[in-house]
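Asks: output the structure for:
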Amino acid sequence: MVSPASTLELAPAVRAFDAVAERFDARFGAWESVSAQRRAVRAALVEAFPNGSRLLELGGGTGEDAAWLAERGRTVFLTDPSPSMVRIAAEKVRPYGLETPVVASAEDLSPVCVDGAQRFDGAFSNFAALNCTTQLTSVARGLAIALRPGARVLLVVFGICSPGEFVVQMIRGDPKAAVRRLATGDVHARLGGQEFTVRYHRAADFRRAFQPWFHYIGRRGIGVFVPPSAAEPWISRHPRALGVLEALDRVVSKPLAVFGDHVLLEFERTEMAAPDSIR
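Replies: Model prediction:
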C-alpha cells in the first residue's frame, strides 16, 4: 500500500526525487548513455538471479527494472522512499501481478521485515539510490533480516574515480564538479529545484557495513567507457560511437571496475543469524 506521506515530512533527497517523479522517465529514459548502462546492470541481474527468483528492490523509482525483470520470470517487491515514485511504479508493475510497491527507505526496511521471515532470494538497487543514505549498516541489517542464506545482493552506486565524469565536467568548465566524487563527506546536489546531499561511498564502506551478514564477492564497472549522463544530450546523437564504447565496457567491466561511472557491488548472504532489529 502506498503511504500517504506528506512531502513536508520527506528527507531532502527524497523530496527532490518526489518532485521529478512525473517526468523522471521522460527525462532520463530518452538518454542513450543511461540505456546503455542499464543494459549492463540488467545483464548482471539476470545472471545473478535465476528465473523464478523472488527479489527485493531498494530505491526502485518508477519501476522500470522491476517490470523488465517480471517480464523475464522474476518476482520483484519494489520499495522506494518517494511516495510519488511508488505510485507510478505501482501502475507500471500491476499488469505483471507483482505485489503493490511500498514506501520504504533503504535504511529502514521495517515495512518489509514485518514478520522477520527471510523470504527473498536476492536483492538489488540500481543507479545510486544508496548514495542518498549515510546509514549503510542499517541497510545491511534490514537486508540480513529479509534475505535467506545464500541470497545474492547487487548494489549499483556511483563510482568515485570516473574518467568520463572528470573529462565531461572539465570540458564544461566546472573543475569542482569534476573532482566531487573524491569527497568523503556530504556533497551538495540539486534536482527538481530541490537541494540535498549525497555520499560517494567506497567499496570498503559497504564491506565493513555488511559484515558479518554478507560476504563480498566482487565488483564490476558500469560505464567505464560509456560516458555518464552529464555527457547528454551530446552522446545520444552519436549512437555508433556509443555502441563501440558499450562493447568495450563488456570486456573491461571487471578489470577496470574502479573507473566506472557506476560500480556494481555483489554480496552473498552468509549463514550468520539475522539481527534482532534494523537499528
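
Asks: any chance you could list what contacts the helix or strand encompassing A123?
Replies: Assigned by DSSP states H and E, A123 falls within strand 120-125. Residues outside strand 120-125 that contact it (CB atoms under 8 Å, 6 or more residues apart in numbering): 45, 48-49, 53-59, 65, 77, 106, 143, 146-148, 151-156. C-beta here means a position set from N, CA and C on the backbone, and glycine is covered the same way.

Asks: ok, stretch 193-208 next?
Replies: Against stretch 193-208 from outside (CB under 8 Å, 6+ apart): 11-13, 15-16, 19, 128, 130-134, 136, 155, 157-158, 160, 180-190, 216, 219, 263, 265, 267.

Asks: now the buried members of those.
Replies: Those of the contacts of stretch 193-208 that meet the buried threshold are 13, 15-16, 19, 128, 130-133, 136, 155, 157-158, 160, 180-181, 187, 189, 216, 219, 263, 265, 267, by 16 or more other CB atoms under 10 Å.

Asks: just to revisit the earlier point, the contacts of stretch 193-208 in helices, which ones?
Replies: P12, A13, R15, A16, A19, L136 (DSSP state H).

Asks: list the contacts of the closest residue to the last one other than its chain neighbours.
Replies: If you skip the residues right next to it in sequence, L136 has A209 as its closest partner in space, 3.6 Å away by CB to CB, 6 or more residues apart in numbering. With contacts defined as CB under 8 Å, 6+ apart, A209 is in contact with L136, T137, V139, A140.

Asks: now stretch 145-157, how far from the centre of its chain.
Replies: 13 Å (CA atoms, centre = their mean, to the nearest Å).

Asks: kindly report the same for stretch 231-245.
Replies: Using CA atoms, centre = their mean, the offset of stretch 231-245 from its chain centre is 23 Å.

Asks: which parts of that stretch are buried?
Replies: A231, E232, I235, S236, L242, L245.

Asks: helix, strand, or coil at the residue lying closest to S84 once chain neighbours are set aside?
Replies: Leaving aside its sequence neighbours, S84 sits nearest to A21 (CB to CB, 6+ apart; 3.6 Å). With DSSP: H, G, I helix; E, B strand; the rest coil as the basis, A21 sits in helix.
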